[in-house]
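[1] Next one to model:
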Amino acid sequence: MPRRTVTEMRFSEVYPMLVQKAERKGRARAEVDRAAAWLTGWSEAQIEAALASDVTYGDFFSRAPAWNPNAERITGKVCGVQVEAVEDPLMRRIRQFDKLVDELAKGRAMEKVLRK
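    So this is what the prediction gives:
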């Protein structure tokens, strides 16, 4: 069986794992949803619809209606990868979201996670 990249996986496969990561550290799914909505421009209802559909993780990010201009302020490492050094725009977006979830899981205040 050929290996799939994260961009080819269904959104409904990947997103719940990120929510679980945050919940294990005492954060709520609503906070992950808020971070996703802030970053992508999708509403929470649209995120819920994506979870119920067959949309891929890559399509969720590549079709984001309003990428937050403050996303460029998301810096640092996630899974050993420097977020701002990722050259592929789609993978950078995915890593930016991973970084937001990491920050939530580490107990960072929502205002700081959302770069306010």
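
[2] Just the strands from this structure, written as ranges.
    77-78, 81-82 (DSSP state E).

[3] Just put these in a markdown table and tack on mean neighbour count and distance to Gln96.
    C-beta coordinates here come from the backbone N, C-alpha and C atoms, glycine included. Rendered in a markdown table, the data for those read as follows (neighbours: other CB atoms under 10 Å; distance: least, CB to CB, whole Å):
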| stretch | mean neighbour count | distance to Gln96 |
| --- | --- | --- |
| strand 77-78 | 16 | 9 |
| strand 81-82 | 12 | 11 |
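
[4] Quick one: closest of the ones you listed to Asp102.
    With CB to CB, the closest approach to Asp102 among these belongs to strand 77-78: 5.5 Å.

[5] Just put the strands of the chain in a markdown table and tack on mean pLDDT and distance to Pro2.
    Conversion of the strands of the chain to a markdown table gives the following (pLDDT from 0 to 100; distance: least, CB to CB, whole Å):
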| stretch | mean pLDDT | distance to Pro2 |
| --- | --- | --- |
| strand 77-78 | 92 | 25 |
| strand 81-82 | 92 | 23 |
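
[6] among these, which is nearest Arg115?
    Each of those was scored for nearness to Arg115 using CB to CB, and the closest is strand 77-78 (15.4 Å).

[7] Output the strands of the chain in CSV; the columns should cover distance to Gln46.
    Putting the strands of the chain into CSV (distance: least, CB to CB, whole Å) gives the following:
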stretch, distance to Gln46
strand 77-78, 24
strand 81-82, 27
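
[8] right, so of those, which gets closest to Ala50?
    Minimum separation from Ala50 across the strands of the chain (CB to CB) falls at strand 77-78, 21.5 Å.
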